[in-house]
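J.: sequence first, predicted coordinates after that:
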Amino acid sequence: EVLDKVVLEPSMEKRMKSLAEATRNTQKNGAPFRHILFYGPPGTGKTLVAKQLALHSNMHYAIMSGGDVLPLRDGAVTAIHKMFQWANASQGGLILFIDEAEAFLKRRSDPTMGEEMRSALNALLYNTGTASKKFMLVLATNRPGDLDLAVADRVDEHLFFDLPGPEERERLFRLFFDKLITKADGHGKLEVAEEAQTDEVFQKIVEMTEGMSGRNLEKIVISAMGRAYGTNSATLTKEMLLDVVQLKVEQFETRQQMMAEQGKLGSFV
Ligand SMILES: Nc1ncnc2c1ncn2[C@@H]1O[C@H](COP(=O)(O)OP(=O)(O)O)[C@@H](O)[C@H]1O
Ligand SMILES: [Mg+2]
């Protein structure tokens with residue numbers, strides 16, 4: 001199942017499932033693919049979902065990050081053309097996933113954009129001008145406003161990954177808690193005190209972590225795990241767990257504060 005280890009808000013989950021289904025059907029029927037944009041704050045599951053989508057579609061896929069293109073310098077244009085040549089030669093249709101798309105597909109008017117990146121962007125536009133039966137483009141970005149308008153124009157469907165609400169935070173926290181602690185294998189035994197895993201404790205954590213992303217929540221669980229391993233009994237107590245959450249919340253708030261001062265909030269980064 002595509003969204004097995006993914007927690008999304010219900011209406012978003014529905015859209016994502018129908019997208020996965022539509023992609024499979026498109027491939028079967030040999031119809032043109034729809035190009036997709038995933039956007040939203042960092043750490044909300046865009047990369048995770050794109051990879052899951054690729055893995056579960058029965059299609060071949062290529063994953064690149066926008067940041068990989070810059071170091072290619074004047075080789076970038078050739079690399080992009082080659083990638084599309086390969087895509088167009090494919091039999092079954094494939095998914096081209098460009099993560100951190102803004103690093104490579106930002107507005108041509110952006111003064112920080114070098115000549116090589118501008119040419120690479122043009123190469124992408126050149127290769128995506130008509131609807132394709134060969135490949136599906138999936139772009140992901142934290143900064144949709146930075147994308148070149150012609151790139152935005154290539155996209156048929158936009159999916160917004162929002163920060164998790166209370167219900168999603170609870171599901172995420174339980175997901176990571178199980179995966180990393182209670183159902184984890186491969187590492188030595190970590191005990192969890194009963195009092196640390198009550199609904200009441202989880203509810204408190206949900207309240208404390210408002211504004212946090214899935215990635216932030218996962219990091220909290222990893223810290224709690226580390227803290228428990230640092231004790232003689234390798235036991236996670238309620239006090240320890242809530243203490244770690246409190247510490248992480250404080251760090252998170254400091255970071256938010258710093259970004260607000262740098263005027264970076266609201267642009268998702
Ligand atoms: N919606 C989510 N469902 C499940 N796990 C998530 C979700 N959002 C974030 N995570 C966790 O955080 C990690 C980082 O998320 P990622 O997909 O890289 O975020 P983004 O690409 O939006 O910045 C994931 O690998 C996963 O472990
Ligand atoms: Mg990402």
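T.: Thanks, I have the structure now. Ligands and ions are numbered 1, 2, ... in the order given.
J.: in contact with the nearest residue to Y229 once chain neighbours are set aside, which residues?
T.: With sequence-adjacent residues excluded and distances taken as C-beta to C-beta, 6 or more residues apart in numbering, Y229 is closest to L190, at 6.6 Å. C-beta here means a position set from N, CA and C on the backbone, and glycine is covered the same way. Shown in contact with L190 (C-beta atoms under 8 Å, 6 or more residues apart in numbering): 181, 184, 225, 228-229, 234-236.
J.: which two of these have the greatest separation?
T.: Considering C-beta to C-beta, no two members of these lie farther apart than A184 and T235, which are separated by 14.8 Å.
J.: can you give me the pLDDT of the residue nearest to Y229?
T.: On pLDDT, L190 comes in at 87.
J.: and if you look at L175?
T.: Model confidence at L175, expressed as pLDDT, equals 97.
J.: and it, what element?
T.: Under the assignment given by DSSP states H and E, the secondary-structure element containing L175 is helix 166-177.
J.: other SSEs contacting that helix?
T.: For helix 166-177, the contact count by 3 or more C-beta pairs under 8 Å, 6 or more residues apart in numbering; DSSP states H and E identifies helix 199-208, helix 214-229 as packing neighbours.
J.: need the contact list for the closest residue to ligand 1 within the chain.
T.: For the chain, the residue positioned closest to ligand 1 under C-beta to the nearest ligand atom is G214, at a distance of 2.5 Å. Applying C-beta under 8 Å, 6+ apart to G214 gives the contacts 7, 43-45, 164, 172.
J.: from V206, how far out is the nearest residue to it once chain neighbours are set aside?
T.: The shortest distance from G214 to any residue other than its chain neighbours is 5.1 Å, reached at L172 (C-beta to C-beta, 6+ apart). Taking C-beta to C-beta, to the nearest Å as the criterion, L172 is separated from V206 by 9 Å.
J.: more crowded one of those two?
T.: Using other C-beta atoms under 10 Å, the more surrounded residue of L172 and V206 is L172, with 24 against 20.
J.: follow-up on the earlier one: wait, which of the contacts of G214 is closest to E195?
T.: Proximity of those to E195, judged by C-beta to C-beta, is greatest for L172, which lies at 21.6 Å.
J.: what's the helix or strand containing Q85 packed up against?
T.: Element membership for Q85, per DSSP H and E: helix 76-88. Other elements packing on helix 76-88 under the criterion 3+ C-beta pairs under 8 Å, 6+ apart are strand 60-65, helix 66-69, strand 94-99, helix 115-127, strand 135-141.
J.: so which residues make contact with the third one?
T.: Where contact means C-beta under 8 Å, 6+ apart, the residues beyond strand 94-99 that reach it are 23, 46-47, 50-51, 53-54, 57, 59-66, 83, 87, 104-105, 134-140.
J.: just the buried residues out of those, in PyMOL syntax.
T.: What follows is the PyMOL syntax selecting those of the contacts of strand 94-99 that are buried according to 16 or more other C-beta atoms under 10 Å:
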select buried, resi 23+46+47+50+51+53+54+57+59+60+61+64+66+83+87+104+105+134+135+136+137+138+139+140
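J.: can you narrow the contacts of strand 94-99 down to the ones near ligand 1?
T.: Counting by C-beta under 6 Å from any ligand atom, 46-47, 140 from those sit close to ligand 1.
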